[in-house]
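[1] structure for the following, please:
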Amino acid sequence: MLIGILQTGQSPDILRAEAGDYPDMFARLLANHGLTFRTYHVEAMEFPADVQECEGWLITGSRHGAYEDHPFIKPLEALIREIIAAGVPLVGICFGHQIIAQAMGGTVEKFPGGWAVGAQDYDFGGETVTLNAWHQDQVTRRPEGAEVVGCNAFCENAALVYGDRAFTVQAHPEFPDSFVEGLMNTRGKGVVPDPLMEAARTRLGQPNQSAAIADRIAEFFLKPRS
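    Below is the predicted model of the structure:
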């Protein structure tokens, strides 16, 4: 199954040589699931000509806010609505989670409660799922028809499903601990409060459920649709 990765940001230059860019991280996360990948750098205004060019679509994270005025935002929102209307499966991660909600009528804001950084525990239908996170923005009002399938006290809309059309997650299952640590050492300094980063460092190296979310993403892409 061919998945089009809609790249909306880039990993920091200083980390890219070792960790790769965001599409590389998703290719590693979803390896051995019967998926192949093609990247469209939509942040640089590289968009697919047709939603049927790929059999599924995945929107990456970004340092941009979904509510900010960047040239790629409005065309991406239009593409999201077209993908969903066509019934082509769509997955969004972090910024991808947010821009899909915004495109479908929800609200994304800079959360007054601050940042989520590093390992976070979420309730997925009674199961505790630990994933790395890196965000201040959140979906504060979900769109009509979106169902919450993952949450915690800090992030009410941490994972959403839109029927069999879209599955979105606020956290970063594609981020290994080494990359989160790299972000803390580069983008985090002077931006994320030091106590949050210190708390995140204490959980580096602990088990998480990224592989389980990878399985869920792959199952979502591959499940039969009428």
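[2] strands of this structure, residue ranges please.
    Secondary structure of the chain (DSSP state E): strands at 2-6, 36-40, 56-59, 90-93, 107-110, 116-124, 127-135, 137-141, 147-150, 159-162, 166-169.
[3] can you put those in CSV and add mean pLDDT, distance to Thr186 and mean neighbour count?
    Using the backbone N, CA and C atoms, a C-beta is placed for each residue, glycine as well. Converted to CSV, these look like this (pLDDT from 0 to 100; distance: least, C-beta to C-beta, whole Å; neighbours: other C-beta atoms under 10 Å):
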stretch, mean pLDDT, distance to Thr186, mean neighbour count
strand 2-6, 98, 23, 22
strand 36-40, 98, 23, 16
strand 56-59, 98, 23, 26
strand 90-93, 98, 20, 27
strand 107-110, 97, 21, 16
strand 116-124, 98, 13, 21
strand 127-135, 98, 12, 19
strand 137-141, 98, 19, 20
strand 147-150, 98, 28, 17
strand 159-162, 98, 27, 22
strand 166-169, 98, 23, 26
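[4] turn the ones you listed into CSV, including distance to Ala218.
    Below are the strands of the chain laid out as CSV (distance: least, C-beta to C-beta, whole Å):
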stretch, distance to Ala218
strand 2-6, 9
strand 36-40, 12
strand 56-59, 10
strand 90-93, 10
strand 107-110, 26
strand 116-124, 16
strand 127-135, 16
strand 137-141, 23
strand 147-150, 16
strand 159-162, 15
strand 166-169, 11
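[5] any idea which of these gets closest to Asp69?
    Nearest to Asp69 among those is strand 107-110 (13.7 Å), distances taken as C-beta to C-beta.
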